[in-house]
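In: Just need the structure, nothing else, for what follows:
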Amino acid sequence: MWPFARNHSNVEEQKELLEQIQALFEEGDMSALGRVLADQRSSDIAEVVELLDNEQRRAVFDLLEKSISAEVLEKVSEATRAELFELLSENEINTIFSELDLDDAADLLGELPEETRQKVLRSFAPADSAQIKKLMTYSEDSAGGIMDPLVISVPQHATVAEAISKIRAAEIDEDFYSVFVVDKTGRFVGDVRVRYLITSPEDALVMDLIDPDTIYVVAEDDQERVRNVFRDNDLIVVPVLDKNHNLIGRITADRVIEVADEEAAADLYAMAGTDPDELEHVSVLHAAGVRMTWLLPCLLGTGITAFVLILFNKKFRREDMAFVYTAAIAFAPMIAAISGNAGLQTSAIVISGLATGHLAALRISQVFTREVRIALLVALACALIAGVVSAVLLHFRHLQFSIDPLRIVFALGFAMFAAIMVATTLGLFLPFLFRRIGIDPAISAGPLVTTANDSISVAIYMSLTLLLAG
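Out: Modelled structure (predicted):
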């Protein structure tokens, strides 16, 4: 029978697999379960493992080959992985880690307690243990932290025959598309595509085949920059160099796809006012604690907004201003909500541009010119609509004012315009400021900044109401 390629299973097929595995557990047919698991991809098994209880997970890992166990352990979430570490014996953990690539082993070791980590490291060969320790010194979101230290390199004065001989002798199970070239001190010179080695005479020198425009990254580069380098240059692999220009590893496109997912998720968490850390633990108490870390300052911010309104109450103590204050309070949420969302829209556009590394987004003057014009149109439209809405509502309720109610309408309109312009300015400049001082720009679109904007917009609104209606 000829082998056929399989498509990755979709969600429906994964559901069917889960139902099949759970049925086999109920029947107690471990032999059939082993056969089913042996025919699945590790990614599909990882999806199922996420939904099993610990007893079932234990049984699944007993049936899997250690190489597949390692792949499954790598693909599950950190919270599930933490539970699996509790289920697996010390010997099993050591065996599974021995099946991992060194860069993956370094990533997962960081999740283990120090004592367990040291035991696992001692189970590796001294050279591999030293390599893993070196990888763990790099920041997890840097090029050094995501690179694979296993590379094929040849000296620049080698012949094509010598290079091909080294490739054949290399103990590396990953695909590669080019061979890196170094000088006698180990400094990176460039790379040579494998197809050039295959099509060139055996006595040709490798140095004559080097691509002069080889793109590389350095170990300290942020993974976001690495992702942009891949995207902008349609790369499959890129070499990683240290500060002395020595070749120390490589990054492949599949790893960059993972990085892109991680970066997108991290930005979403930051903008929503939470943290990826809550997904690294099973405890709902821990997750609630992470969220409250963000929400408590927001509660303080809304308290400040309430304090602003109380302060303005003193300004409206005249009897003829009591109804004005009441009407103004009614429209305060409109001001805060619309201006906050307008600022969020601007910051989202700026943050997206900064994350993708587009040059236009990095030039604040160009972004400012565009966003301010948009903000002016949005502010004018919202001010007019808010004014009409307030006029209709005030007329509909037949409220009695000792002053012309149109003053409140104009105050609301002007305040809406001013609040949107202020919020847009904050949404424009804060991401650049945060980026400059080393803070994730996505935080500038989070609830903390949005809450601060509410206080500012309400203060603007009440000030204009007092000025125009007082």
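In: what's the least confident helix or strand in this structure, going by average pLDDT?
Out: Within the chain, no helix or strand scores below helix 359-362, which has a mean of 49 by mean pLDDT, DSSP states H and E.
In: Show me how far whichever helix or strand comes after it is from its chain's centre.
Out: Sequence-wise, the next helix or strand downstream of helix 359-362 (DSSP states H and E) is helix 364-397. Chain-centre distance of helix 364-397: 33 Å, with CA atoms, centre = their mean, to the nearest Å.
In: Stretch 431-444 too?
Out: With CA atoms, centre = their mean, you get 14 Å for stretch 431-444.
In: go on, stretch 32-51?
Out: 28 Å.
In: Show me which residues of it are buried.
Out: L33, G34, V36, L37, Q40, S42, D44, I45, A46, E47, V48, V49 (16 or more other CB atoms under 10 Å). For glycine as for every other residue, the C-beta is placed from the backbone atoms N, C-alpha and C.
In: Check what pLDDT the closest residue to the fifth one other than its chain neighbours gets.
Out: Taking CB to CB, 6 or more residues apart in numbering as the measure, Q40 lies nearest to L17, with 6.7 Å between them; neighbours along the chain are not counted. Reported pLDDT at L17 in the predicted model: 87.
In: so how far is N54 from L17?
Out: 19 Å (CB to CB, to the nearest Å).
In: and the two? which has more neighbours close in?
Out: Using other CB atoms under 10 Å, the more surrounded residue of L17 and N54 is L17, with 19 against 12.
In: Would you mind naming the helix or strand containing that one?
Out: helix 11-27.
In: quick one: the residue nearest to Q40 and L52, what's the gap?
Out: Distance of L17 to L52, computed by CB to CB: 12 Å.
In: Would you map out the domains in this protein?
Out: 11-138, 153-256, 276-469 (automatic domain parsing).
In: Strands of the stretch 301-450 of the chain, residue ranges please.
Out: Using DSSP state E, counting those that start in this stretch, no strands are found in the stretch 301-450 of the chain.
In: so where is it shaky, pLDDT-wise?
Out: 317-323, 355-363, 394-405, 440, 442-449 (pLDDT under 70).
In: burial of the closest residue to S457 other than its chain neighbours, as a residue count?
Out: Distances taken as CB to CB, 6+ apart place A419 nearest to S457, at 3.6 Å, with adjacent residues excluded. Using other CB under 10 Å, A419 is surrounded by 30 other residues.
In: same check, this time on R373
Out: 10.
In: what's in contact with stretch 198-214?
Out: 154-164, 178-179, 181, 189-193, 196-197, 239 (CB atoms under 8 Å, 6 or more residues apart in numbering).
In: Can you list the buried residues in that stretch?
Out: S200, A204, V206, M207, L209, I210, T214.
In: Then stretch 82-98?
Out: Under 16+ other CB under 10 Å, the buried positions of stretch 82-98 are E83, L84, F85, L88, E92, I93, N94, T95, I96, F97, S98.
In: What mean pLDDT does it get?
Out: Rounded mean pLDDT across stretch 82-98 is 90.
In: which ones are touching N453?
Out: A336, S339, G340, G343, V422, A423, L426.
In: check contacts around the third one.
Out: Right, the one you point to is G340. Listed by CB under 8 Å, 6+ apart, the contact partners of G340 are A423, T450, N453, D454, S457.
In: which one of the residues you listed sits closest to I251?
Out: Checking the contacts of G340 against I251 with CB to CB, the nearest one is T450 at 35.7 Å.
In: Start from the N-terminal end of the stretch 251-400 of the chain and give the helices.
Out: Counting by DSSP state H, counting those that start in this stretch, one finds helices in the stretch 251-400 of the chain at the ranges 253-272, 284-315, 322-356, 359-362, 364-397.
In: about what we covered before: which of the contacts of stretch 198-214 fall in strands?
Out: Per DSSP state E, strands hold the following members of these: V154, P155, S178, V179, V181, V189, G190, D191, V192, R193, P239.
In: what about the stretch 51-200 of the chain, any weak spots by pLDDT?
Out: In the stretch 51-200 of the chain, residues with pLDDT under 70: 171-175.
In: Check what contacts the helix or strand where S69 lies and list those residues.
Out: For S69, the enclosing helix or strand under DSSP H and E is helix 66-75. The contact list for helix 66-75 (CB under 8 Å, 6+ apart) reads 37, 42-43, 45-46, 49, 61, 64, 81, 84, 92, 95-97, 99-100, 104, 108.
In: Looking at these, which are in helices?
Out: Mapping the contacts of helix 66-75 onto helices (DSSP state H) picks out 37, 42-43, 45-46, 49, 61, 81, 84, 92, 95-97, 99, 104, 108.
In: Pull the residues that contact stretch 248-265.
Out: Against stretch 248-265 from outside (CB under 8 Å, 6+ apart): 103, 141, 143-144, 146-151, 174, 180, 217, 219, 223-224, 226-227, 230, 235-242, 276, 355.
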